[in-house]
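# I would like the atomic coordinates for the input below:
(one chain, ligands or ions: 2)
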Amino acid sequence: MTDYLIAPSILSADFARLGDDVAQVLQAGADVVHFDVMDNHYVPNLTIGPMVCKALRDYGIQAAIDVHLMVKPVDSLVPQFAEAGASIITFHPEASDHIDRTLGLIKEQGCQAGLVFNPATPLSYLDYVMDKVDVILLMSVNPGFGGQSFIDGTLDKLRQVRRRIDESGRNIRLEIDGGVKVDNIRAIAEAGADMFVAGSAIFSQPDYKTVIDQMRSELAK
Ligand code: DX5
Ligand code: ZN
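Ligands and ions are numbered 1, 2, ... in the order given. Next up is the predicted model:
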């Protein structure tokens, strides 16, 4: 059976009481903390940096922290996030001048490394680095904001990436980010994803456990 991971995006969490809110969503059954970093340059929004990642670790959060860098340039933030306690660091290939170098830098810092594909970013960026990625993240919305609708064309892209991962014989996570809800998570899993970022779908509900349980029962069908 596939080992599915649910990764709430803290972009939709309550920033005024972030530690408690993250602890609560993990208590409710989430597996991974998805941490969206936006720089108001690569994407038109501004969020949080390494200090906040470190603050979550200092607060006692032990789950894997999945840092999604929507920033340009990328490299200078990699050691800072590794130092701050990141477990996984993903970046958008078009935001890095030297993709192979950035992937190497992330691994050297002891983190898992991944590439992120916007809805219109070609998969050819994977051509020469399949042996270096631990995670492939497909955006199913244009990056920058929570609460957008899932772009259906991503399902076909997921199938293509799933094929490439299976052919590679490597253990690579296929992560999906944007517009994931209880009512579409099963179709997304059937298309090949095994790690699900969900922000508004979880944090907009009063009871996180109910939503996460519903997602898991959809995945178990
Ligand atoms: C968008 C971010 C997402 C976002 C997802 O740029 O990368 O992680 O928070 O939010 P929802 O699940 O609300 O689409
Ligand atoms: Zn994200």
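# ranges for the strands of the protein?
For the chain, applying DSSP state E gives strands covering 5-8, 32-38, 64-70, 88-91, 112-117, 135-139, 173-177, 195-198.
# tell me the most buried of the ones you listed?
strand 88-91 (a mean of 27; mean count of other CB atoms under 10 Å). Any C-beta I mention is one placed from the backbone N, CA and C, and that applies to glycine too.
# average pLDDT across it?
The pLDDT scores in strand 88-91 average 99.
# which other helices and strands contact it?
Counting by 3 or more CB pairs under 8 Å, 6 or more residues apart in numbering; DSSP states H and E, the packing neighbours recorded for strand 88-91 are strand 64-70, helix 77-83, strand 112-117, strand 135-139.
# quick revisit: for the strands of the chain, please prepare a markdown table with the additional fields distance to ligand 1.
Below are these laid out as a markdown table (distance: least, CB to the nearest ligand atom, whole Å):
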| stretch | distance to ligand 1 |
| --- | --- |
| strand 5-8 | 9 |
| strand 32-38 | 5 |
| strand 64-70 | 5 |
| strand 88-91 | 10 |
| strand 112-117 | 8 |
| strand 135-139 | 7 |
| strand 173-177 | 5 |
| strand 195-198 | 5 |
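# so which of the ones you listed gets nearest residue 97?
strand 88-91 (11.6 Å; CB to CB).
# distance of residue 192 from ligand 1?
19 Å (CB to the nearest ligand atom, to the nearest Å).
# give the contact list for residue 219.
4, 185, 186, 189 (CB atoms under 8 Å, 6 or more residues apart in numbering).
# ok, now residue 37?
Residue 37 touches 47, 48, 49, 67, 68, 69, 70, 71, 77, 81, counting by CB under 8 Å, 6+ apart.
# for the closest residue in space to the third one that isn't next to it in sequence, give me the pLDDT.
So that's residue 49. Ranked by CB to CB, 6 or more residues apart in numbering and with sequence neighbours excluded, the top spatial neighbour of residue 49 is residue 37, at 6.4 Å. If you check residue 37, the pLDDT there is 99.
# with the one 5 residues further on instead?
With respect to pLDDT, residue 42 has a value of 98.
# distance-wise, check the closest residue to it other than its chain neighbours relative to residue 37.
If the residues on either side of it in the chain are set aside, residue 42 comes closest to residue 72, at 4.0 Å by CB to CB, 6+ apart. Residue 72 sits at a distance of 11 Å from residue 37 (criterion: CB to CB, to the nearest Å).
# now the helices for this protein?
18-27, 50-59, 77-83, 99-108, 154-168, 185-190, 200-203, 208-220 (DSSP state H).
# show me which residues of the second one are buried.
Going by neighbour count (16 or more other CB atoms under 10 Å), the buried part of helix 50-59 is 50, 52, 53, 54, 56.
# which ones are touching the third one?
Put plainly, it is residue 53. 35, 65, 67, 81, 84, 85, 86.
# and which of the residues you listed is nearest residue 93?
The closest of the contacts of residue 53, once distances to residue 93 are taken by CB to CB, is residue 67, at 15.9 Å.
# phi, psi of the closest residue to that closest one other than its chain neighbours?
Leaving aside its sequence neighbours, residue 67 sits nearest to residue 86 (CB to CB, 6+ apart; 4.3 Å). In terms of degrees, to the nearest 10, the main-chain angles of residue 86 are phi -60, psi 150.
# got the residues of the chain near ligand 1?
9, 11-12, 34, 36, 68, 141, 143-144, 146-148, 177-180, 197-201 (CB under 6 Å from any ligand atom).
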